[in-house]
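Trainee: Sequence first, then the predicted structure:
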Amino acid sequence: MRLKLKAEEIGNELRKLNKVISDLTPVSELPLTARPRSRKEKNKLASRACRLKKKAQYEANKVKLWGLGTEYDRLLFVINAIKEEIVSRVQDISHDKGKSMTEKLDKLIEDTIVQPPVAGQTSDFVNQILENTGKGDPTGGLVGLRVPTSKV
């Protein structure tokens, strides 16, 4: 995923545009003949900045969707695994009762669920991914986190 390049490119372009917009002479200080041209130029730059912000939001939403999908897959995996454990205990009364169901569930959650959770903290998740890419990880930590949900 080219997340780092996209984020950096969008950020740099937005900074440049905002600087150019802020450096423009206010329309009220220009002669009457130059005002429409200046206003048009400023509107073009502002439109470009708006498009870049939308693009950045789109990229952030893709990262959020990926994180929420991964979290969903892992939660579904835990639910299905504990469901299988319950079914096997009900079917086989002589089943090893060494570990309680609570202990097994806690262990399964600890081994499967990624901390911190994504749901309810999507902005923090995206910022963490961007921070990871800033530190040199080109994937931001997004590769290989998904687990198969074969138990359905």
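Mentor: Here it is on my side, so go on.
Trainee: next helix or strand past the worst-scoring helix or strand of the chain on mean pLDDT?
Mentor: Across the helices and strands of the chain, the lowest-confidence element by mean pLDDT, DSSP states H and E is helix 3-23, at a mean of 72. Remark: after helix 3-23, the chain's next helix or strand is helix 35-91, criterion DSSP states H and E.
Trainee: Give me the mean pLDDT for that next one.
Mentor: Mean per-residue pLDDT for helix 35-91: 86.
Trainee: That one versus helix 3-23: what angle between them?
Mentor: Angle of helix 35-91 versus helix 3-23, following axes from the mean of the first three to the mean of the last three CA atoms, to 10 degrees, is 150 degrees.
Trainee: Run through the neighbouring helices and strands of helix 35-91.
Mentor: helix 3-23, helix 101-112, helix 122-134 (3 or more CB pairs under 8 Å, 6 or more residues apart in numbering; DSSP states H and E). (Glycine included, C-beta is placed from N, CA and C.)
Trainee: ok, residues contacting stretch 22-35?
Mentor: S38, R39, E41, K42, L45 (CB atoms under 8 Å, 6 or more residues apart in numbering).
Trainee: what's around the spatially closest residue to G140 that is not a sequence neighbour, how many residues?
Mentor: The shortest distance from G140 to any non-neighbouring residue, by CB to CB, 6 or more residues apart in numbering, is to I129 (3.9 Å). For I129, the tally of surrounding residues (other CB atoms under 10 Å) stands at 24.
Trainee: how close does I129 sit to L52?
Mentor: Separation of I129 from L52 (CB to CB, to the nearest Å): 19 Å.
Trainee: ok, how many other residues are close to F77?
Mentor: 19.
Trainee: Isn't it up against D111?
Mentor: No. Judged on CB atoms under 8 Å, F77 makes no contact with D111 at a distance of 10.2 Å.
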